[in-house]
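J.: what's the 3D shape of this:
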Amino acid sequence: MITESNFFKYKGDRGVAISNSIPTGWNGKRYTALAPPWDLVKRFRDEKVTEAQFREEYAEKILSKLDRRKVKAELEGMTLLCWEGDGKFCHRHLALKWLNEKEEKEDV
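T.: Residues are numbered from 1 along each chain as shown. Here you go, the predicted structure:
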């Protein structure tokens, strides 16, 4: 099972950073293939794209280029980490949803 959390809250040893940047001193695993493009992050922060537009662009530019089964196998048992706090919109939620949704569709 793959789970998600953020750098501020997570205390385990199975965390994997899926962000472009990491906290000072981070020496855990990184999986930058799931990181959103910096320009998309900046446009979102500057309110130049909506959550819906972010979702669409992230899916198109990142998720559609990846092999879901390979990603899931590589991240099995890990916790996806990035910066956004609980309850805030974040690409890690999109990545986890993508991993789970695709599995359900492929297994049918």
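
J.: Going by C-alpha atoms from here, please, whenever you check contacts or count neighbours.
T.: Fine.

J.: wait, what's in contact with the spatially most central residue of the chain?
T.: Nearest to the geometric centre of the chain sits R92, at 2.9 Å (C-alpha atoms, centre = their mean). Going by C-alpha atoms under 8 Å, 6 or more residues apart in numbering, R92 touches 4, 18, 80-82.

J.: Okay, and it sits in which element?
T.: Using DSSP states H and E, R92 sits in helix 91-107.

J.: Kindly provide the whole-number mean pLDDT of that helix.
T.: In this model, helix 91-107 carries a mean pLDDT of 78.

J.: Rounded mean pLDDT for the strand or helix carrying D39, please.
T.: Using DSSP H and E, the element containing D39 is helix 38-45. Helix 38-45 shows a mean pLDDT of 96.

J.: name the helices or strands packed onto that helix?
T.: helix 51-61 (3 or more C-alpha pairs under 8 Å, 6 or more residues apart in numbering; DSSP states H and E).
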